[in-house]
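Participant: Need coordinates for the following:
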Amino acid sequence: MLNTALYIGLGLLTGMISGMFGIGGGIILIPALVFFFGFTQHAAQGTTMALLVLPIGFFAALEYYRHGFVDIRVGALIALGFFIGGFFGARIAIELSEAILTRVFGVGLVLIGIKMIIS
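Facilitator: Predicted coordinates:
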């Protein structure tokens, strides 16, 4: 039950970030699934593609699925949170100034990059 809530929360957070900055969820989802949920890189990428299936990642997700790298349940739970989070993220971003939005985005990218480099 806790993992279900955490996966939906991850989707919500990622959707909000995506709605705020217009970036793909993979920049948040893949590192989060690897570092915090213990997914392999392949499984994280496959599961992330699965939540974007129609129409964006259908063939990529299908290929990952054929190789056993997709957790459909996790992808669906994250997608639920992402759907709602995207709306709220967009509302927050609209209220931020261009300068603040740009700085927050840059800091986020740097932090993600540092985490990936030192892991």
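Participant: how about the helices in the chain?
Facilitator: 2-21, 26-35, 41-51, 58-66, 72-95, 98-118 (DSSP state H).
Participant: How about the first one, which residues are buried there?
Facilitator: Of the residues in helix 2-21, those with enough neighbours to count as buried (16 or more other CB atoms under 10 Å) are 6-8, 10-21. C-beta coordinates here come from the backbone N, C-alpha and C atoms, glycine included.
Participant: Looking at these, which is nearest Ile112?
Facilitator: Ile17 (10.3 Å; CB to CB).
Participant: pretty sure Ala50 is in contact with Tyr65, am I right?
Facilitator: Yes: contact criterion CB atoms under 8 Å: Ala50 and Tyr65 qualify, at 7.0 Å.
Participant: The two: which is more packed in?
Facilitator: A direct count of neighbours by other CB atoms under 10 Å for Ala50 and Tyr65 places Ala50 higher, at 25 against 17.
Participant: so what pLDDT did the more buried one get?
Facilitator: Predicted confidence (pLDDT) for Ala50: 81.
Participant: Now do the same contact list for the residue lying closest to it once chain neighbours are set aside.
Facilitator: Closest residue to Ala50 apart from its sequence neighbours, by CB to CB, 6 or more residues apart in numbering: Gly75 at 3.8 Å. Gly75 makes contact with 47-48, 50-51, 53, according to CB atoms under 8 Å, 6 or more residues apart in numbering.
Participant: if we go to 6 Å?
Facilitator: By CB atoms under 6 Å, 6 or more residues apart in numbering, the residues touching Gly75 are 47, 50-51.
Participant: Where does pLDDT dip in the protein?
Facilitator: 22, 53-56 (pLDDT under 70).
Participant: circling back: so which of the helices of the chain is the most surrounded?
Facilitator: helix 41-51 (a mean of 23; mean count of other CB atoms under 10 Å).
Participant: And it, what does it pack against?
Facilitator: helix 26-35, helix 58-66, helix 72-95 (3 or more CB pairs under 6 Å, 6 or more residues apart in numbering; DSSP states H and E).
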